[in-house]
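> predicted structure and sequence below. I'll ask about it afterward.
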Amino acid sequence: MLFCSDGPESLRIIPKKRSFDWRSACLCYPDITNLIGISNLFHVIVDYLVRDQACMVSCVPKQNPNIQKLIEFRLEANVNTYAAYMNETASTRLDSHDFTYSNGPYTYHDTYVGSEQFAGEEAVWLDGKARYAMNYFWPCAGTAIQR
């Protein structure tokens, strides 16, 4: 089956037996409302419907193999710092908790303030240059913060 829309109110389904003349039956594209409806009907994302999978070309260069090493190091650092409460270092801010871990050219630093309610940042450096950073906090949005 092929789908076609002449506007927001119409969605035509062209039976497969007539699909040979689908171009003459419909020279238009479905609007976003119909695309969303079709994607819900078939349980696929809209990208799947509108992108030609065989012709997709990425303009983003292939992922740098160092990214995988950075990810592996970050996981290793997590296991060797706050997750095991190891490698705590001197506080860098008033009442903060800081952890540092190094292995080869990589250095990891995690710092946070608070306890049950907290905010912090973790970062990774490769050869002294920042390559990754993430901020985090708790409680989640919508939870009241007591003062």
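Ah, there it is.
> gap between residue 31 and residue 37?
10 Å (Cβ to Cβ, to the nearest Å). (C-beta placed from N, C-alpha, C; glycine too.)
> longest helix of this protein?
For the chain, the helix with the greatest residue count under DSSP state H is helix 65-79.
> mean confidence for that one?
Helix 65-79 shows a mean pLDDT of 89.
> which strands and helices sit next to the helix or strand that that helix is followed by?
For helix 65-79, the following helix or strand on the C-terminal side (DSSP states H and E) is strand 88-89. Packed against strand 88-89 by the contact rule (3 or more Cβ pairs under 8 Å, 6 or more residues apart in numbering; DSSP states H and E) you find strand 96-103.
> pLDDT weak spots in this protein?
1-30, 52-65, 140-147 (pLDDT under 70).
> helices of that one, residue ranges please.
Here the chain has its helices, by DSSP H, at 22-25, 32-42, 46-50, 65-79.
> JSON lines for those, including mean neighbour count?
Output for the helices of the chain, formatted as JSON lines (neighbours: other Cβ atoms under 10 Å):
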{"stretch": "helix 22-25", "mean neighbour count": "11"}
{"stretch": "helix 32-42", "mean neighbour count": "14"}
{"stretch": "helix 46-50", "mean neighbour count": "12"}
{"stretch": "helix 65-79", "mean neighbour count": "14"}
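> out of those, which gets nearest to residue 130?
Nearest of these to residue 130, taken as Cβ to Cβ: helix 65-79 at 11.3 Å.
> brilliant, that's me finished.
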